[in-house]
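1. I need the structure of the sequence given here:
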Amino acid sequence: MSNNAPGPWGPPPNQPGPGQWGQQQPGPPGPFGSGPYGGPPPRQPNRQGNAGLAIAAGVVAMLVGAGVYGVIVKSLEIRSTWFGVGVAALIAFAVGRIGGRNPVLPFVAALLALVGVALGQLTAVTLFVGDELDISVLDVISDFGSELVDGWTETLDFQDFLVFVFAGGAAFGITKSVGEK
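-> Here you go, the predicted structure:
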């Protein structure tokens with residue numbers, strides 16, 4: 001037997017063998033995963049996001065979405081639409097993508113979605129009144145702001161409440177789903 005050959009019970013003395021000095025030798029994939037020695041694969045670190053920037057992006061998405069929602073409702077000349085859920089999805093994607101797994105952000109996105117849908121509906125009413133009275137949107141807001149809000153709240157119906165419920169739920173779920181990826 002040569003001096004460098006392993007003996008029947010392991011490597012010769014003073015010779016490094018497999019797995020010594022911190023060197024792990026990967027084993028074959030086991031039944032529970034493909035990590036070292038067949039164990040589970042290593043966990044990916046949680047994606048950390050920036051909650052403040054996510055909320056700011058959500059507010060910007062809310063304002064843009066509400067404006068687009070109001071213009072669509074006005075241009076189609078309809079009372080209410082389900083485009084409010086689209087506003088919620090826009091907000092939720094922005095908040096979830098930037099904010100990561102922060103557990104508070106789905107609730108923030110749901111709140112922003114509710115405000116965004118309300119602002120979108122108020123934008124549509126403002127555009128309708130501006131066309132009817134042949135005045136600018138700023139004049140409508142400054143001269144008839146409280147009447148607009150009062151008229152809007154009095155005309156809310158069951159479909160509007162459904163849009164609010166679905167928008168809030170969609171914003172919560174989408175934010176949570178996007179934040180976990």
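2. How about the contacts made by residue 114?
-> By CB atoms under 8 Å, 6 or more residues apart in numbering, residue 114 lies in contact with 164, 167, 168. (C-beta placed from N, C-alpha, C; glycine too.)
3. The second one and residue 71: what is the separation?
-> This points to residue 167. Applying CB to CB, to the nearest Å, the value for residue 167 to residue 71 is 18 Å.
4. Make a ChimeraX selection of whichever of the contacts of residue 114 turn out to be buried.
-> Of the contacts of residue 114, the buried ones go into a single ChimeraX selection, burial set by 16 or more other CB atoms under 10 Å:
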select :164,167,168
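5. okay, the contacts of residue 114 in TSV with pLDDT next?
-> Conversion of those to TSV gives the following (pLDDT from 0 to 100):
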residue	pLDDT
164	95
167	96
168	96
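6. Which strands and helices lie in contact with the host helix or strand of residue 90?
-> Element membership of residue 90, judged by DSSP states H and E, is helix 83-99. Judged by 3 or more CB pairs under 8 Å, 6 or more residues apart in numbering; DSSP states H and E, helix 83-99 is in contact with helix 51-76, helix 105-133, helix 158-180.
7. wait, which of the ones you listed is closest to residue 87?
-> Nearest to residue 87 among the helices and strands packed on helix 83-99 is helix 51-76; the distance by CB to CB comes to 3.7 Å.
8. Now do that closest one against helix 105-133, angle only.
-> Going by axes from the mean of the first three to the mean of the last three CA atoms, to 10 degrees, helix 51-76 is angled at 30 degrees with respect to helix 105-133.
9. Going by neighbour count, which residues in helix 51-76 are buried?
-> When burial is assessed from 16+ other CB under 10 Å, helix 51-76 yields the following buried residues: 51, 54-55, 57-59, 61-63, 65-66, 68-70, 72-74.
10. Ok, stretch 106-120 next?
-> 106, 108-120.
11. which of these lies closest to residue 143?
-> The closest of these, once distances to residue 143 are taken by CB to CB, is residue 119, at 19.1 Å.
12. Not counting residues beside it along the chain, what's closest to that closest one?
-> residue 66 (3.7 Å; CB to CB, 6 or more residues apart in numbering).
13. ditto for residue 57
-> residue 94 (4.3 Å).
14. Alpha carbons of the helix or strand of the chain with the lowest mean pLDDT, as PDB, please.
-> For the chain, the helix or strand with the lowest mean confidence is helix 137-154, at a mean of 91 (criterion: mean pLDDT, DSSP states H and E). C-alpha atoms of helix 137-154 as PDB (Å, rounded to 0.1, in the frame of the first residue of the first chain):
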ATOM      1  CA  VAL A 137     -62.700  72.800 -14.400                       C
ATOM      2  CA  LEU A 138     -61.000  75.100 -12.000                       C
ATOM      3  CA  ASP A 139     -64.000  77.400 -12.000                       C
ATOM      4  CA  VAL A 140     -66.300  74.400 -11.300                       C
ATOM      5  CA  ILE A 141     -64.100  73.400  -8.400                       C
ATOM      6  CA  SER A 142     -63.700  76.800  -6.900                       C
ATOM      7  CA  ASP A 143     -67.400  77.900  -7.400                       C
ATOM      8  CA  PHE A 144     -69.200  74.600  -6.900                       C
ATOM      9  CA  GLY A 145     -66.800  72.400  -4.900                       C
ATOM     10  CA  SER A 146     -69.000  71.600  -1.900                       C
ATOM     11  CA  GLU A 147     -72.100  71.100  -4.200                       C
ATOM     12  CA  LEU A 148     -70.200  68.700  -6.300                       C
ATOM     13  CA  VAL A 149     -69.300  66.500  -3.300                       C
ATOM     14  CA  ASP A 150     -72.800  66.700  -1.900                       C
ATOM     15  CA  GLY A 151     -74.300  65.800  -5.200                       C
ATOM     16  CA  TRP A 152     -71.800  62.900  -5.700                       C
ATOM     17  CA  THR A 153     -72.500  61.400  -2.300                       C
ATOM     18  CA  GLU A 154     -76.300  61.700  -2.800                       C
END
